[in-house]
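K.L.:
With the input below, show me the fold.
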Amino acid sequence: MAKYFTKKELQRLGCTDDEIKLVMKYQKKLPVLIENMEVKGFCVDARTLHEQLEVKANYSKWIKRRINTYKFQENTDFVTACQKRKAVNNGYFYTTEYILTIYMAESLAMVERTETGEIVRRYFMLMRDIVANNKEWWEIRISERSNYKPLCEALSQNIFRKCGRYGDKYDFAREANFLNVIATGAKAQDIRNYLMIQTNELTRDSLEKDYNERLEFLQEQDILYLGTDIPLRQRLEFLITVFDIKYPTCTPLMSYMSRDGMLAERTKMLNELTF
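P.N.:
Model (predicted):
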């Protein structure tokens, strides 16, 4: 299955404008990122690579010659597959297809020594980092999502013990905003406005990995504190303290806000508490 990145995903992963431009252009021409059960990670269709590099030589001869010249190893650098194709006379014939690791594809692009080859080589180098960063982002995001239900349950039980009722959507959204302000300096709606998030998109799906990691940490700590039944203001002060110990140089999500501004938003949050 091919994996294409949207501009928003690339921005979330911290790509520069030039990097985004390169990826958005070449991933449409190179459907390179495919899942393959025989080669771990993302791989490259050699036939598509041959076309994009604008190699004059016959595809079959080219790939075989490159494999022999540079000693690429089957099942390490590439795998082969037999593919059935339709012939002009409505009959069928079979071809041998090569699926390359991204490292082999990068090497082939480099040895072509053409301007196009250099661009594609840069693209593969960039994609290698993007794929790794995206995998890391999803691992954190999935864990963060998994924590949300236990957090809501812990909050609901906490409210029941104190007020005789269970938590509702308002309570859960309020708690999420407490954590947002501590970790980013802003509430969810302000974050959505700043990142221009669409109505049907989840706020935290647009956050960079570092901010989701910090929110995940706060969720885990909050679940523990909710079980102690300490007063709300004290619980939030504890969360702020442990957060600053773990992330002493954390900066606001919004580029125009200073660290002092972030601390001021926390103080404002505490002063506006209603019980």
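K.L.:
quick one: the helices in the stretch 101-250 of the chain?
P.N.:
102-111, 115-163, 169-184, 188-195, 209-226, 232-246 (DSSP state H, counting those that start in this stretch).
K.L.:
what's near enough to touch Phe178?
P.N.:
When the contact criterion is Cβ atoms under 8 Å, 6 or more residues apart in numbering, the partners of Phe178 are Leu236, Leu239, Met269. Quick note: C-beta positions are derived from backbone N, CA and C, even for glycine.
K.L.:
The helices of the stretch 101-250 of the chain into CSV, with extra columns for mean pLDDT?
P.N.:
Output for these, formatted as CSV (pLDDT from 0 to 100):
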stretch, mean pLDDT
helix 102-111, 85
helix 115-163, 85
helix 169-184, 95
helix 188-195, 91
helix 209-226, 94
helix 232-246, 97
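K.L.:
still on that earlier bit, which one of the contacts of Phe178 sits in the busiest neighbourhood?
P.N.:
Leu236 (22 neighbours; other Cβ atoms under 10 Å).
K.L.:
okay but it is in contact with Glu272, surely?
P.N.:
No - Leu236 lies out of contact with Glu272 (Cβ atoms under 8 Å); the separation is 11.3 Å.
K.L.:
could you give the angle of the helix or strand harbouring Arg65 to helix 102-111?
P.N.:
In this assignment (DSSP states H and E), Arg65 forms part of helix 59-70. Angle between the axes of helix 59-70 and helix 102-111 is 100 degrees (criterion: axes from the mean of the first three to the mean of the last three Cα atoms, to 10 degrees).
K.L.:
Any chance you could list what contacts helix 59-70?
P.N.:
Contacts of helix 59-70 (Cβ under 8 Å, 6+ apart): 46-47, 50, 55, 57, 72, 78, 95-96, 98, 107-108, 111.
K.L.:
From those residues, which land in helices?
P.N.:
Ala46, Arg47, His50, Ser107, Leu108, Val111 (DSSP state H).
K.L.:
Buried only: go through those for me.
P.N.:
Among the ones in helices among the contacts of helix 59-70, those scoring as buried are Ala46, Arg47, His50, Ser107, Leu108 (criterion: 16 or more other Cβ atoms under 10 Å).
K.L.:
Widest-spaced pair of the residues you listed?
P.N.:
In these, the most distant members under the criterion Cβ to Cβ are Arg47 and Ser107, with 16.9 Å between them.
K.L.:
which phi and psi does the residue nearest to Asp190 when sequence neighbours are not counted have?
P.N.:
Nearest residue to Asp190 in three dimensions, chain neighbours excluded: Met254, at 7.6 Å (Cβ to Cβ, 6 or more residues apart in numbering). With angles defined as degrees, to the nearest 10, Met254 sits at phi -80, psi 130.
K.L.:
Use 5 as the first number for this chain going forward.
P.N.:
In the new numbering, first residue 5, that becomes Met258.
K.L.:
confidence score at Met258?
P.N.:
Looking at Met258, its pLDDT is 92.
K.L.:
what residues are up against it?
P.N.:
Thr188, Gly189, Ala190, Asp194, Tyr198.
K.L.:
ok, now with 10 Å
P.N.:
Thr188, Gly189, Ala190, Asp194, Ile195, Asn197, Tyr198, Leu199, Gly265, Met266 (Cβ atoms under 10 Å, 6 or more residues apart in numbering).
K.L.:
Just the pLDDT for Gln87.
P.N.:
82.
K.L.:
Equivalent analysis for Cys47, please.
P.N.:
Predicted confidence (pLDDT) for Cys47: 74.
K.L.:
now do the one 10 residues further on
P.N.:
Per-residue pLDDT puts Leu57 at 84.
K.L.:
Can you pull the phi/psi pair for it?
P.N.:
phi -80, psi -10.
K.L.:
Quick one: residues contacting it.
P.N.:
34, 66, 109, 112-113, 115-116, 118, 120-121, 123-125.
K.L.:
try 6 Å
P.N.:
By Cβ atoms under 6 Å, 6 or more residues apart in numbering, the contact set of Leu57 is Glu116, Gly121.
K.L.:
How much space separates Asn216 from Met131?
P.N.:
To Met131, Asn216 is 22 Å away according to Cβ to Cβ, to the nearest Å.
K.L.:
neighbour count winner among those two?
P.N.:
The neighbour comparison of Asn216 against Met131 (other Cβ under 10 Å) goes to Met131, with 26 against 22.
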